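Participant: predicted model and sequence follow; I will ask about them next.
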Protein chains: 2
Amino acid sequence: MKKVTINDVAKHAGVSKKTISRVLNNESNVSTDTKEKVLRSFEILGYRPNPQARGLATNQSYLIGLLYDNPNKSYVTDIQTGALETCQKENYNLVIYPEQHDAIDLLDRLRSLLNNAHLDGLILTPPFSDMKPILEMLEQLQVNYVRIAPTEDFERSPCVVSNDLDAAYQMTRYLISLGHSKIAFIKGHPEHNVSELRLNGYLKAMQEASIESQPEFIEQGYFTFRSGEDCGRRLLNLKNPPSAIFSSNDFIAAGVLKVAAQRSVSVPHQLSVCGFDNAPISRYIWPSLTTVKQPIKSMAAEGVKLLIQSIRQKPIEFGISRFEDELIVRESSAPVANF
Amino acid sequence: MKKVTINDVAKHAGVSKKTISRVLNNESNVSTDTKEKVLRSFEILGYRPNPQARGLATNQSYLIGLLYDNPNKSYVTDIQTGALETCQKENYNLVIYPEQHDAIDLLDRLRSLLNNAHLDGLILTPPFSDMKPILEMLEQLQVNYVRIAPTEDFERSPCVVSNDLDAAYQMTRYLISLGHSKIAFIKGHPEHNVSELRLNGYLKAMQEASIESQPEFIEQGYFTFRSGEDCGRRLLNLKNPPSAIFSSNDFIAAGVLKVAAQRSVSVPHQLSVCGFDNAPISRYIWPSLTTVKQPIKSMAAEGVKLLIQSIRQKPIEFGISRFEDELIVRESSAPVANF
DNA sequence: GACAACGTTGACACCGGTGTCAGCATATGA
DNA sequence: TCATATGCTGACACCGGTGTCAACGTTGTC
């Protein structure tokens, strides 16, 4: 790799290093003449500033970390794509940190990763966004961070949120509008705070419609396919089974679909099934899933934007960026049949 | 973030910077006494060398790039996980580059990414592993690179390969052993070289078993769910349809399953369906897919290992690391029914 | 005992940028 | 007209490591 340095450019343009540096950083106090001369030299020599050197001088690394733990690979790649979008625009590099949120040595691992990499900032995704010990550690280490989809402490750091509660509310209203009243709900993993939000959205819609929610219609799932199978089986075993099952994510819903298929319960004619997240599986499964799409990419892109802002100008007024979810109706839901 | 520098350690230990540096790099000519003293200071002060500074001095960035373009998100995260494993061991950071392999400005984008980031090396995954213009550019720019699963030019760079041909061969033999002879094959995307390998594995097994392969049993797919639906529909429309369909990946197979479900063709009783890749969908779909699992994580981990070797000691003898695939039998395949 | 060889150590320059500050020319104000 | 403000520029130190080389004390050899 040819290496043209700032000195080469300085010599070529007949000015000092410092002036080159000024042009690089778009500082104002450079005469138009000099600036053009320097820019021409950039062009001719194919100059690229060395981020290492720049980083050493400014005590920055131009690295942004992305911390996540999500079994949903589609979610992960979407987050990455969104984050990268902003990173590339702003000339930062993205370093990924998949970690187990329940690892016992999580804090130690994180600390050592941070120390080794000298990151400029960190993006936290659920469930890390709500993990107090991590936030405390980051604050103590004075690491800039932005949280994606936290559910509390919004003023603690910049964050990007979506409206899970409202999305679940809308989905439930949609099912009610199809004539369903026997609507079951499968909760997500209790350690993920969004689980509660989604449940509350469901409950709110049920209450509003004055539908008495039956306790046996609320199952505890864990965001996994297996838990979907288990809960689905229990729900379909009820003497008086639901006519619609709203699952806290698409994997659970897929598990429910499997059980329904095995028992020849026809979806959507005898049973409507809905998911959440718009994972790829929701399209590839048959029948395809009615679900909720979160603007994950945009949220991640916005998160990095906030992060870079807070890196550049320390006294940031903590921003919360809000995004709205979108209901996606596919083949797995239909008007209630009997009754 | 507290910053303890080499100078602080030097002062604390009562030796020169250079000696600290020697200990850091495990150089031999340091007395045991001094070494221990320095190590103790490391411990006490919590010293972490600054990668920026080190990189500036040695002209390294400790960044490794991962270039991929794969609609299969599970493949992507597996590759990442494997690559990260080695990176973290060796104290490198992984920078990800998802790119469209058919973008017109691909080379320009890549060049600028490389220039901006000053990577130490790059991991290429299919289909980039076989794209000559990219290889040429990298060589011209003198960028170290390792290819994952290339299909040609093995001596051009270090590479990590699996045996797709053999895996497809084994899968076909498995179907034959179940009594199938009307075995259809849905090819992958023609621009991905693995497509041909998988086809050849199928053909080889068919020939060996002296089963005349019918041209209408070989369909052109594109690694997508949609193409699976299309091909599946055509195959099931044949007067004399196949009793087994071997798809070049799991998405295609999922498409086939959907068509079968829509037509009430019972899988696996009337039709066996197999995929390739062991994507998550292969487990979550019903019936779950018989497929081929590639040791993707291990391959990526090995790839980074080779890359770091070639970064450290330029005169590397070009290694090829080989990995074997594994057949995973699930619910979507069964002995042939009639006949 | 003289000298070479060796192991250990530090002074200093250097990597390629940025920050500070001083110097100069020109514009502005009284 | 002179004093001051302003715009533009470069010299130089500095960021935190590594490479080079010289200096030092110790050991080995004759």
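Facilitator: Ah, there it is.

Participant: is the lowest-mean-pLDDT helix or strand in chain A in proximity to chain B?
Facilitator: Lowest on mean pLDDT, DSSP states H and E among the helices and strands of chain A sits helix A:106-117, with a mean of 87. Yes: with C-beta under 8 Å from any C-beta of the partner chain as the criterion, chain B is reached by helix A:106-117 at A:113-117. All C-beta spots, glycine's among them, are computed from the backbone N, C-alpha and C.

Participant: ok, which residues in chain A are in contact with DNA strand D?
Facilitator: For chain A, the residues in contact with DNA strand D (C-beta under 7 Å from any atom of the strand) are A:14-19, A:22, A:28-31, A:33-35, A:53, A:56-57, A:59.

Participant: which member of the residues of helix A:106-117 next to chain B is positioned nearest residue B:178?
Facilitator: Relative to residue B:178, the closest of the residues of helix A:106-117 next to chain B is residue A:113; by C-beta to C-beta it sits at 48.4 Å.

Participant: give me the neighbour count for the closest one.
Facilitator: Residue A:113 has 18 neighbouring residues, counting by other C-beta atoms under 10 Å in any protein chain shown.

Participant: tell me which residues touch it, please.
Facilitator: Residue A:113 sits next to A:65, A:97, B:88 when contact means C-beta atoms under 8 Å, 6 or more residues apart in numbering or on different chains.

Participant: contacts only, for the last one.
Facilitator: Put plainly, it is residue B:88. Per C-beta under 8 Å, 6+ apart, neighbours of residue B:88: residue A:113.

Participant: next, the buried residues of the strand or helix carrying it.
Facilitator: Assigned by DSSP states H and E, residue B:88 belongs to helix B:73-90. Buried positions in helix B:73-90, judged by neighbour count with 16 or more other C-beta atoms under 10 Å in any protein chain shown: B:73-80, B:82-88, B:90.

Participant: stretch A:179-190 now?
Facilitator: In stretch A:179-190, counting by 16+ other C-beta under 10 Å, buried: A:180-189.

Participant: which one of the residues of helix A:106-117 next to chain B is nearest residue B:236?
Facilitator: residue A:113 (51.4 Å).

Participant: now the contacts of residue A:113 as JSON lines including pLDDT?
Facilitator: JSON lines is the format used below for the contacts of residue A:113 (pLDDT from 0 to 100):
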{"residue": "A:65", "pLDDT": "94"}
{"residue": "A:97", "pLDDT": "93"}
{"residue": "B:88", "pLDDT": "89"}
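
Participant: which parts of the stretch 201-339 of chain A sit against chain B?
Facilitator: So far as C-beta under 8 Å from any C-beta goes, the stretch 201-339 of chain A lies against chain B at A:225, A:251, A:254-255, A:257-258, A:261-262, A:280-281, A:283-286.

Participant: nearest to DNA strand D within the stretch 151-300 of chain A, name that residue for me.
Facilitator: Here the residue of the stretch 151-300 of chain A nearest DNA strand D is residue A:157; by C-beta to the nearest atom of the strand that distance is 25.6 Å.

Participant: low-confidence ranges in chain A?
Facilitator: By pLDDT under 70, the weakly predicted segments of chain A are A:1-2, A:314-318, A:338-339.

Participant: any chance you could map the helices in it?
Facilitator: A:6-13, A:17-24, A:32-45, A:51-58, A:73-89, A:106-117, A:132-140, A:164-177, A:194-208, A:225-237, A:250-262, A:281-284, A:296-312 (DSSP state H).

Participant: deepest-packed of the ones you listed, please.
Facilitator: helix A:250-262 (a mean of 26; mean count of other C-beta atoms under 10 Å in any protein chain shown).

Participant: domain map for chain A?
Facilitator: Here the domain assignment for chain A is A:6-48, A:58-162+A:296-323, A:164-294, based on automatic domain parsing.

Participant: tell me which of those domains lies nearest to residue B:129.
Facilitator: Residue B:129 sits nearest to domain A:58-162+A:296-323 of all those, at 19.8 Å, using C-beta to C-beta.

Participant: and chain A, which of its residues are near DNA strand C?
Facilitator: A:3, A:5-7, A:17-18, A:20-21, A:24-25, A:47-50, A:53-54, A:56-58.

Participant: go again with 6 Å.
Facilitator: A:3, A:5-6, A:17-18, A:21, A:24-25, A:49-50, A:53-54, A:56-58 (C-beta under 6 Å from any atom of the strand).
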